[in-house]
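Peer 1: just a sequence and a predicted model for now, questions to come.
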Amino acid sequence: MRVWRAMGVLGVTAGLLLSGLTGTASAAPAPAGEARCAPDAQTPLRQFRASWVASVVNIDWPSRTGLSAAQQQAELIGWLDDAVRQRHNAVILQVRPTADAFWPSKVEPWSQYLTGMQGGNPGYDPLAFAVAEAHKRNLELHAWFNPYRLSMGTDINALVPTHPARQHPDWVVSYGGKLYYNPGIPAARKLVEDAIMDAVANYDIDGVHFDDYFYPYPVAGQVFDDAATYAEYGAGFPTLADWRRNNIDLLIQELQQRIKAAKPWVKFGISPFAVWRNKATDPEGSDTTAGVQTYDDLGADTRKWVREEWIDYIVPQVYWAGGFAPADYNKIVPWWANEVRGTDVHLYIGEATYKVGTSTQSPDWSDPAELSDHLAFTSTIPEVKGNIYFSAKDVRADRLGATTLLNTTWYSRPALIPTMRNLDSRPPLPVHAVRATRTGDGVQVKWRRTSSDSTSYAVYRRELLGGDHCPDNDARNLIATVRSTEYLDTTATPGKAYLYTVTALDRLANQSLPIPAVSVR
């Protein structure tokens, strides 16, 4: 139905062009050879690209506590504009760093990292502002939550009196200089889920995101004191470790079900420490000798979450260089690729931008090309659908020129978000009435929205005469993605005729048939 409606508005010539643009069989041979039209690995059409913007201890944003609302907003706009300049298409923003909130939560207090005082109202709604400004720039906004961390200190009385942890001190465990909710207490788990769902229900976020913190990382000489909780709730689990893993499994499974029941399009993604288990511990583990294994040390059976498809994407933090013997980037990434193969779970790779020019762990971190080499490697692995960089301030710092090198080599064109066909695979209707008009500033391309589920648009450009008429199976002709129904192409060469095509995209990046318009000289 949608295809025929689209084709009905086109003449024969445009129809033949469309068949090429959508990759279907064309009635006329393509002027370019098959080799020329092969997709370019350096300009993929779809690729997830983002940085983590961390708020805990004011790593990235806000840069310090006590900034005015206007100053905080200006800083956040700076990070979003950075993302646009780098041709990223998403931002991972930390909004619940320590059982607190960057929005007026019904469950937990305002975060201290906004005003310097927990419970202090910043004078605006940071999450609402972030969503609006990200979407204005056609960036997905993934809200990043830390599930169990309560405080970066050990004084429970430093929390506001109304904090749920103050009301339920029996839910709290002190470990390694920090406070945590005990994941083994069902009521604590429900509160964590309720806090996250408050944001899901009330904000137009595109994703719920966890990083690598579940049970805390081991601290030498200390014990996470949950023996009594295990005695109370651990019936049927032969070991404490088995019970702990089940507690985290329940959080992941229940939260996934609650997110999809509320908003099926909201993605659920997790970025764990990259080693599930070492091969010496488990023959099915990765060929690594890492000092931490998520399965054994963090109560996080990350591989199970992929196999059960409880998450939509996984971002293993492969924070090591290629060839680093204890944990080799070039061995860990293929291990994860094998794990997601045959599932609907997307694989993105977490990249350690913070190590460039600073880490002595491996000499490779003194090489400006290390991160670019990572993308060269992952470009050969079909299961890898994107990369996320830690953290935004390190991406901006561009130490050794590594960010610039990576962007010019691998992000020279925009990219569409990868589709998740298991969530939705039906494309929106094509746009209507595409027009391309020469102005003194460039070419103004305008169109009309046809489909109510269209949220953004992709604009492609090729030279009308002598250009490649290859299918748009990569991004070589993609010049912009926008939320509005017009685009000013300021890079068009005066006097040259172009063929522009516009496609509609829904919120899960399903793409309509393209509609063409010619720009005359």
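Peer 2: Yes, it's here.
Peer 1: where does pLDDT dip in this structure?
Peer 2: Applying pLDDT under 70 to the chain flags the ranges 1-34, 521.
Peer 1: thought Tyr113 was touching Ile59?
Peer 2: No. Counting by C-beta atoms under 8 Å, Tyr113 stays clear of Ile59, with 9.3 Å between them. Every C-beta, even on glycine, is put in place using the N, C-alpha and C of the backbone.
Peer 1: ok, the two, which is more surrounded?
Peer 2: Tyr113 (24 against 19; other C-beta atoms under 10 Å).
Peer 1: how about the contacts made by that one?
Peer 2: By C-beta atoms under 8 Å, 6 or more residues apart in numbering, Tyr113 lies in contact with 55-58, 62, 65, 97, 100.
Peer 1: rerun that using 10 Å as the cut-off
Peer 2: 54-59, 61-62, 64-65, 94, 97-98, 100, 102, 122, 152 (C-beta atoms under 10 Å, 6 or more residues apart in numbering).
Peer 1: now list the buried members of those.
Peer 2: The neighbour count (16 or more other C-beta atoms under 10 Å) marks 54-56, 58-59, 61-62, 65, 94, 97-98, 100, 102, 122 as buried among the contacts of Tyr113.
Peer 1: which of the residues you listed sits closest to Glu463?
Peer 2: Using C-beta to C-beta, Trp61 comes nearest to Glu463 of those, at 41.5 Å.
Peer 1: from Val95, how far off is the closest one?
Peer 2: Trp61 is 11 Å from Val95, where distance means C-beta to C-beta, to the nearest Å.
Peer 1: overlap in contacts of those two?
Peer 2: Residues touching both Trp61 and Val95 by C-beta under 10 Å, 6+ apart: 53, 55, 102, 126, 130.
Peer 1: what's the neighbour count on Ala74?
Peer 2: Using other C-beta under 10 Å, Ala74 is surrounded by 11 other residues.
Peer 1: show me the contacts for the residue nearest to Leu255 when sequence neighbours are not counted.
Peer 2: In space, and not counting its chain neighbours, Leu255 is closest to Glu193: 5.3 Å by C-beta to C-beta, 6 or more residues apart in numbering. Glu193 is in contact with 107, 147, 200, 250-251, 254-255, 257-259, counting by C-beta under 10 Å, 6+ apart.
Peer 1: which ones among those lie within helices?
Peer 2: Judged by DSSP state H, these include 200, 250-251, 254-255, 257-259 as members of helices.
Peer 1: got the buried residues for stretch 475-491?
Peer 2: Buried residues in stretch 475-491, defined by neighbour count with 16+ other C-beta under 10 Å: 475-482, 485, 487, 489.
Peer 1: actually stretch 325-338, not the one I wrote
Peer 2: Of the residues in stretch 325-338, 327-337 count as buried by neighbour count, 16+ other C-beta under 10 Å.
Peer 1: same deal with stretch 375-387?
Peer 2: 375, 377-378, 383-387.
Peer 1: with just CA atoms, put it into CSV.
Peer 2: C-alpha atoms of stretch 375-387 as CSV (Å, rounded to 0.1, in the frame of the first residue of the first chain):
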residue,chain,number,x,y,z
LEU,A,375,37.2,1.4,13.7
ALA,A,376,39.2,0.0,10.8
PHE,A,377,39.1,-3.3,12.6
THR,A,378,35.4,-3.2,13.6
SER,A,379,34.4,-2.1,10.1
THR,A,380,35.2,-5.6,8.9
ILE,A,381,32.8,-7.2,11.5
PRO,A,382,29.2,-6.9,10.4
GLU,A,383,27.8,-7.4,13.9
VAL,A,384,29.4,-4.2,15.2
LYS,A,385,26.9,-1.4,14.5
GLY,A,386,28.5,1.5,16.2
ASN,A,387,30.8,3.0,18.9
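Peer 1: so how far is it off the chain centroid?
Peer 2: Averaging C-alpha positions (C-alpha atoms, centre = their mean, to the nearest Å) puts stretch 375-387 15 Å from its chain's average.
Peer 1: please identify which of the buried residues of stretch 375-387 is nearest to Gln86.
Peer 2: For those, the nearest to Gln86 is Asn387 (11.4 Å; C-beta to C-beta).
Peer 1: make sure that closest one is indeed in a helix.
Peer 2: No. The assignment for Asn387 (DSSP: H, G, I helix; E, B strand; the rest coil) gives strand, which keeps it out of a helix.
Peer 1: that one against Ser372, yeah?
Peer 2: No. If you go by C-beta atoms under 10 Å, Asn387 and Ser372 don't touch, sitting 11.1 Å apart.
Peer 1: mind listing the shared neighbours of those two?
Peer 2: What both Asn387 and Ser372 touch, as defined by C-beta under 10 Å, 6+ apart, is the set 406, 410.
Peer 1: contacts only, for Ala321.
Peer 2: By C-beta under 10 Å, 6+ apart, the contact set of Ala321 is 327-330, 352, 355, 359, 361-367, 370-371, 373-374.
Peer 1: list buried residues within those residues.
Peer 2: 327-330, 352, 355, 359, 362, 364-367, 370-371, 373-374.
Peer 1: now, these that are in helices?
Peer 2: When DSSP H is applied, those are split such that 329-330, 370-371, 373-374 fall in helices.
Peer 1: of all those, which comes closest to Pro183?
Peer 2: For those, the nearest to Pro183 is Tyr329 (30.3 Å; C-beta to C-beta).
Peer 1: where's the closest one relative to Leu371, distance?
Peer 2: Distance, Tyr329 to Leu371, using C-beta to C-beta: 10 Å.
Peer 1: swap in Arg438?
Peer 2: Between Arg438 and Leu371 the computed distance is 40 Å (C-beta to C-beta).
Peer 1: and Gln256, by the same measure?
Peer 2: Per C-beta to C-beta, Gln256 is found 31 Å from Leu371.
Peer 1: for the stretch 201-350 of the chain, just list every one of the helices.
Peer 2: 227-233, 240-262, 294-297, 302-307, 329-340 (DSSP state H, counting those that start in this stretch).
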